[in-house]
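In: Need a 3D model of the sequence below.
(3 chains)
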Amino acid sequence: MPSAQIVPTLLARLRQAHPDARYELNWSTPFELLVATILAAQCTDERVNRVTATLFQKYSGPQAFAEANTPELEEDLRPTGFYKQKAKSVQNMSRELLAKFGGEVPRTIEGLVTLPGVARKTANVVLNTAFNLPSGIIVDTHVARVSQRLGLTKKEKPEDIEQDLMKLVPQDQWTFFGPATVLHGRYTCTARKPKCEECPFNDLCPKIGV
DNA sequence: CTCCCGATAT
DNA sequence: ATATCAGGAG
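Out: Numbers count the residues shown, from 1 in each chain, chains lettered A, B, ... in the order given. All right, here's what the predicted structure looks like:
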């Protein structure tokens, strides 16, 4: 069966499994979601949430991060891993945000991607989740793995996978498909021991790469 | 392609 | 012990 044919079934069953799929990062403003998403690289949401709970009390917005003492910020971010890189990204991102966008998170992928530490995945998370804009499809390690196993793409690079998915999935489903597929990958189609027995797509999955 | 880097599941 | 985890920059 061509992969395009299974997409409507896929979307219907995804909705059953994850009716209110949304990101599991905690945030109260688009800026906080942007910071949290940068911190989420190679790190679980749970650990990011543990850090941001106190982080966002200490640093109230882009101005506070821009003026922060860098070694101190590094320590604040240490539990998320890559902490020197992430401290630099968050601080420089905040400075650029103030300099170029008046401290307001831009609502376009072109604008977001100019910020340090922000590429398509992070930009799509912010636009899809905070602004409900179908700017593209979030492709992280989970979406990539699930899409490959289901035979929706044979590509390796996230940007190429996103292109394939955008052709297959109707645009008004993009903001649902991304987060829902992330959850499916996180809890069912896991990297190491995928739970194929309890997977709602078991009957239509070629199980590529499993 | 390599590097950044700590925490957790297997 | 080691692969992997909501990636991105140089």
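In: quick one: contacts for the residue most central in space within chain A?
Out: Central residue of chain A (Cα atoms, centre = their mean): residue A:125, 4.6 Å from the mean position. Contacts for residue A:125 (Cβ atoms under 8 Å, 6 or more residues apart in numbering) come out as A:23, A:33, A:37, A:138, A:178. For every residue, glycine as well, the C-beta is placed using N, CA and C.
In: Need the max-distance pair from those.
Out: Spanning the widest gap among the contacts of residue A:125 are A:33 and A:178, at 14.0 Å by Cβ to Cβ.
In: who has more neighbours, those two?
Out: residue A:178 (27 against 22; other Cβ atoms under 10 Å).
In: interface residues of chain A facing DNA strand C?
Out: Within chain A, the positions lying close to DNA strand C (Cβ under 7 Å from any atom of the strand) are A:23-25, A:37-38, A:40-45, A:81-82, A:85, A:89, A:116-123, A:125, A:140-142, A:145, A:158, A:182-183, A:185-186, A:191-192.
In: Please indicate which of these are buried?
Out: A:23, A:25, A:37-38, A:40-41, A:45, A:82, A:89, A:117-118, A:120-123, A:125, A:140, A:142, A:145, A:158, A:182-183, A:185-186 (16 or more other Cβ atoms under 10 Å).
In: Would you mind listing where chain A has pLDDT under the threshold?
Out: Counting by pLDDT under 70, chain A contains low-confidence ranges at A:1-2, A:209-210.
In: most residues in a single helix of it, which one?
Out: helix A:83-101 (DSSP state H).
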